[in-house]
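1. Give me a 3D structure for the following:
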Amino acid sequence: MKHIVMWKLRDKSEAAAIKARLDALAGNIPGLISLEVGIDFLGSAQSADLALVAELESREALESYQNHPLHQAVVSLLKAAAISRTVIDYTL
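-> Numbers count the residues shown, from 1 in each chain. Down below sits the predicted model:
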């Protein structure tokens with residue numbers, strides 16, 4: 001299954017540090033198959049500043065990922081840094 005999240009940040013200069021924190025989740029959470037994090041370079045009015053694309057083994061793995069302490073630490077950081085968040089979860 002895929003888990004895609006996009007954020008608009010209060011301060012775009014924080015994007016690289018947040019990306020590094022998200023990248024560090026790869027290989028450290030059971031059920032997380034792959035993780036890709038990108039920073040927008042276009043900067044249009046419609047652009048998100050940061051995006052995450054994760055592939056997980058199952059819906060149960062998504063729930064475990066979302067509740068994992070390493071993920072929760074990044075969630076706290078993003079809640080403070082983001083103006084908005086858009087998410088989609090779907091099966092392949």
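
2. contacts and neighbour counts: CA atoms only from here.
-> OK.

3. Model confidence at the residue most central in space within the chain, what's the number?
-> Centroid-nearest residue in the chain: residue 52, 3.9 Å away (criterion: CA atoms, centre = their mean). pLDDT, residue 52: 98.

4. One more: residue 87?
-> pLDDT recorded at residue 87 is 98.

5. what's the answer for the one 3 residues further on, then?
-> What the model reports for residue 90 is a pLDDT of 98.

6. Residue 24 too?
-> Looking at residue 24, its pLDDT reads 98.

7. which ones are touching residue 74?
-> Residue 74 is in contact with 18, 21-22, counting by CA atoms under 8 Å, 6 or more residues apart in numbering.

8. For the residues you listed, please prepare JSON lines with the additional fields neighbour count and distance to residue 67.
-> Converted to JSON lines, those look like this (neighbours: other CA atoms under 10 Å; distance: CA to CA, whole Å):
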{"residue": "18", "neighbour count": "18", "distance to residue 67": "18"}
{"residue": "21", "neighbour count": "17", "distance to residue 67": "16"}
{"residue": "22", "neighbour count": "20", "distance to residue 67": "15"}
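
9. How about the secondary structure of the residue nearest to residue 52 when sequence neighbours are not counted?
-> Spatial nearest neighbour of residue 52, chain neighbours left out: residue 37 (4.5 Å); criterion: CA to CA, 6 or more residues apart in numbering. Here residue 37 is recorded as strand under DSSP: H, G, I helix; E, B strand; the rest coil.
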